[in-house]
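predicted coordinates and the sequence they were generated for:
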Amino acid sequence: MSHFSNARLSTKILMTLLIGGSVIFAVSTLATYWIVRDLTLDTQKEKASLLIQSIEPTIAISLFLGIKEIEDKVSSITRLDEVVALEVTDIKGIRIFNYRKNASSPLTKTIKITKNLMEPSSPKSIGTITLTYSGEEFAKTMDHFYTLYGLIIMGAILTLWFILIWINRLLMPIKLIAHKVHNFRPGEKIIFDIPYAQYEFVQIIQAFESMQKRVWNYAQKFQTINQDLEIKVKEKTHELIQNLYHDTLTTLSNRLKLQEDLLLFPNNTVAIFNIDDFKEVNDFFGIDAGDDLLAQIAYWLSETKLQPYRIGGDEFAFILPREFSREEIAHKITTFLSNFEERNFIIGEETFHLRGTVGVAIMSRKPIIHADIALNKARSLKKPYSLYDSAEGIEDQYKTNIAMSAQIRQALIEHRIVCQYQPIVNCKTGVTDKYETLVRIQRDDGTLIPPNDFLPIAKKTKLYSSITQEVIYQACHTFSNRTEHFSINLSNSDILDPHTLTTIERILKQTNTANRIVFEILESEGIENFDEVALFITRMKELGASIAIDDFGSGYSNFENILKLNVDFLKIDGSLIKTIDQNPRHRIVVESIVDFAHRIGIETIAEFVATEDILSIVTELGITYSQGYHTGKPMSL
Amino acid sequence: MALDTQALSHSSSGKAILGIVYDDNRKNSAKKIADEINSNHNGNVGALPFIAIAISVDELVIRHDIAFAYLIDMSKSSVNKVASWGTSNNSPTFSYNAQNLDLGILGTIVIERSTVIYINKNVLKAGKFRFNDSLFQIARLVE
């Protein structure tokens, strides 16, 4: 059925005609066949009946009169070719007369008519007469009929064939129109030169031409729009390329342009020039002044005949000639920096004398990275410039840092952040009243990574807060079942992170350990973010927690800040304690700290108590608690 | 009579004899009819040569050469005699009066709107009459 649905229109019309015509033809043929057959048969029967009727009275009289010689009476019909047989029997069934034509073909259909012979003027039967009539005429008539309908069928097929050709010819314009429309492309014009077309096709063509005209108009409009757009796209592309490869402030080429230019050669010599303390210019004179200064520097760099790139806020780069030796480069850089320092830059009425630092990578496959490493090295060493040396292994350190970062991340996922607890012993009683929580990473083989190896990296990668939260969780749950106090180190980032603080508060409430926890804060961090730290201490103390200042005495200790922060413990820096038995100056400093603590009513803790002598001294000095390998190593609880 | 296929077999003269039968004193009437017939047909009816004669019942019953007997009005007893004679002599007997059929006469010719020949079926079967088939096509057989 779907084949027919998708069939060609001409096929559908032809099939419709064929099916409709066939049905009509079959019905009419069948009806005609029946009529002709019955009519012919009836005619033949009628003839046979007439023949019988012609002799019936005579035969009946003869039979009635008992005359058995009736041959001459029936000779009028027996001599007819159509009469095949004639039989007369009396009432008893005795055959009176029997005639049978010898030449009759057994295959020929015959018509047999039998009639009762009645006694004259009486309904009484006195015998029967049976006439067998030849069916040849019937067969001939039917043969004529078949021949006629055969011819009619052939004529019908021929007519259908001509109709098919005619339908195809009628529908030809549709094919031509479809072909032309199928190959239509916007901007082209279709000419419907159909050789002949009926009214309907003319309408279709007119509709297509009307549509084509509108499409043409739209195409023209779109072409104009496209041309405008192309111009704008070109302009924008040019602008984007300009923006992509150039710095908008200084109009110098940018980092991306530098990277692409470096692709011309496998190895390049690149110098990165950083303006020292430029942040202070921005902070002090404002960003506009800083930008103005950068523009002046860029202009000055352009005048040096170097090909400068601006690759960062206050960083510029140059591609140096590849043939320069290390000595030539060092000389050029020295001269360049000297000229830069001598140059006066003026913003408003202010004159600026600036200094710069340069890092150089010579014939490097990664010149930007290596020059940057060299720059960092020069800045850390307070040198005006540095040449990258792969033997220094700084790149390896970077790789180690990346690997450690991944290891920390994996340890957090796999719960391999573990806590150890170092006893803090009361100097007077010798009892372990407290523990300091120390974090470790447990390797796959069970060994532990000390905190110094991963905490600095964790701070740089923002994993530190996750570690802190894990440590607080473990420690609080461990000491929720114990009676001792325990301390946990917090960094500035922990205190400044609202999520970490919320987590701390939640865990303390869950484990009910707030009155036994001591948060250790570095004195330096308390000074840097005084307000935030003070707020944190207030919040924790409201929960019942205690605060200790860690590594007190390591830097420029400020006793006033300690007073303001309202801390509970001072942990005296280990560098003072571990040599207190040998360095009288350290002992004096420690005595001062202890004295201060006693006066303001806070307790002290000595770290790095490694020997009995040190323990004796710290006890003697009145330090409340001691912590170190002598009094107890870190352990699992 | 012309349709009787045995008409000539009764006489050796080559002519079939049509007897106009009478009884009592009706000879003249019979003779007049016979003369009239002879006069009108001139000795032949169709292809059959014949002669019409007036003959009494008594004479008729003793003769065997009469091929066809036509009865004029007569008594029943005479009619019966003639009927018996016809059957036994295989000579057709016809009467003017249709009621004579009931007395054994073979046939009668009645002139109604058209001329109709009635033949007594029983008499026909009882006698050994042989008529041309065309007679049966125009005659009506009655019991």
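Sure thing, it's come through.

not counting sequence-adjacent ones, nearest residue to residue B:130?
In space, residue B:130 comes closest to residue B:5 once its chain neighbours are excluded; the distance is 4.4 Å by CB to CB, 6 or more residues apart in numbering or on different chains. Placement of C-beta: from N, CA and C, glycine included.

what sits against that neighbour?
B:130, B:131, B:132 (CB atoms under 8 Å, 6 or more residues apart in numbering or on different chains).

scan the residues you listed and report the most crowded one.
The residue in the contacts of residue B:5 with the most neighbours, by other CB atoms under 10 Å in any protein chain shown, is residue B:131 (22 neighbours).

and whichever residue of the stretch 101-250 of chain A sits closest to chain B, how far from residue B:108?
Chain B sits closest to residue A:120 of the stretch 101-250 of chain A, with a gap of 3.9 Å, by CB to the nearest CB. Note on residue A:120: its distance to residue B:108, by CB to CB, to the nearest Å, is 16 Å.

now the element after the longest helix seen in chain A, going C-ward?
Scanning chain A for the helix with the most residues, using DSSP state H, yields helix A:9-65. For helix A:9-65, the succeeding helix or strand toward the C-terminus, using DSSP states H and E, is helix A:71-78.

re earlier: how about the residue of the stretch 101-250 of chain A closest to chain B: what's its closest non-neighbour residue?
The shortest distance from residue A:120 to any non-neighbouring residue, by CB to CB, 6+ apart, is to residue B:141 (3.9 Å).

contacting residues for the one you found?
Taking CB under 8 Å, 6+ apart as the criterion, residue B:141 is in contact with A:61, A:120, A:121, B:118, B:119, B:120, B:121, B:124.

and the host helix or strand of residue A:229, what does it pack onto?
The secondary structure element spanning residue A:229 is helix A:199-245 (assigned by DSSP H and E). Counting contacts by 3 or more CB pairs under 8 Å, 6 or more residues apart in numbering or on different chains; DSSP states H and E, the secondary-structure elements packed against helix A:199-245 are helix A:136-182, strand A:253-254, helix A:255-262.

and the angle from it to helix A:136-182?
Angle, helix A:199-245 to helix A:136-182, by axes from the mean of the first three to the mean of the last three CA atoms, to 10 degrees: 30 degrees.

relative orientation of helix A:199-245 and helix A:255-262 in degrees?
Angle, helix A:199-245 to helix A:255-262, by the same axes, to 10 degrees: 90 degrees.

the residue in the stretch 351-500 of chain A that chain B sits nearest to: what's it in contact with?
Closest approach of the stretch 351-500 of chain A to chain B (CB to the nearest CB) occurs at residue A:413, with a separation of 132.2 Å. Taking CB under 8 Å, 6+ apart, we find residue A:413 in contact with no residue.

follow-up on the earlier one: okay if I get the contacts of residue B:141 as TSV plus secondary structure?
Supplementary listing: the contacts of residue B:141 in TSV, determined by DSSP: H, G, I helix; E, B strand; the rest coil:
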residue	secondary structure
A:61	helix
A:120	coil
A:121	coil
B:118	strand
B:119	strand
B:120	strand
B:121	helix
B:124	helix
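
most neighbours among those, please name it.
Highest count within the contacts of residue B:141 by other CB under 10 Å belongs to residue A:61, 27 neighbours.

neighbours of the residue lying closest to that residue once chain neighbours are set aside, how many?
Closest residue to residue A:61 in three dimensions, ignoring its sequence neighbours and counting by CB to CB, 6+ apart: residue B:136, at 4.8 Å. By other CB under 10 Å, 22 other residues sit near residue B:136.

tell me the first helix or strand C-terminal of the helix or strand residue B:136 falls within.
Mapping residue B:136 onto the secondary structure by DSSP H and E places it in helix B:133-138. Following the chain from helix B:133-138 toward its C-terminal end, the next helix or strand by DSSP H and E is strand B:139-142.

coming back round to it: which elements pack onto the helix holding residue B:136?
Counting contacts by 3+ CB pairs under 8 Å, 6+ apart, the secondary-structure elements packed against helix B:133-138 are helix A:9-65, strand B:115-120.

run the angle between the first one and helix A:136-182 for me.
Calculated by the same axes, to 10 degrees, helix A:9-65 forms an angle of 170 degrees with helix A:136-182.

I'd like the distance from helix A:9-65 to the chain centre, please.
Helix A:9-65 sits 80 Å away from the centroid of its parent chain (CA atoms, centre = their mean, to the nearest Å).

which neighbouring elements make contact with that helix?
In this structure, helix A:9-65 packs against helix A:71-78, strand A:83-90, strand A:110-118, strand A:125-134, helix A:136-182, helix B:121-126, helix B:133-138, with contacts taken as 3+ CB pairs under 8 Å, 6+ apart.

by residue count, which strand of chain B is the longest?
Of all the segments of type strand in chain B, defined by DSSP state E, the longest one is strand B:48-56.

and the next helix or strand after that strand, what does it pack onto?
As assigned by DSSP H and E, the chain's next helix or strand after strand B:48-56 is helix B:57-60. When contacts are defined as 3+ CB pairs under 8 Å, 6+ apart, helix B:57-60 packs onto strand B:16-22, helix B:76-89.

please parse chain A into its domains.
Taking automatic domain parsing as the reference, chain A has its domains at A:2-152, A:184-245, A:253-391, A:398-626.

near chain B, which residues of chain A?
Near chain B, the residues belonging to chain A are A:57, A:58, A:61, A:64, A:65, A:66, A:67, A:73, A:119, A:120, A:121, A:122 when assessed by CB under 8 Å from any CB of the partner chain.

what segments of the stretch 501-637 of chain A are helices?
A:523-528, A:530-543, A:559-565, A:574-577, A:584-600, A:612-620 (DSSP state H, counting those that start in this stretch).

so which of the ones you listed is the most packed in?
Stretch with highest mean neighbour count among the helices of the stretch 501-637 of chain A: helix A:574-577 (a mean of 21; mean count of other CB atoms under 10 Å in any protein chain shown).
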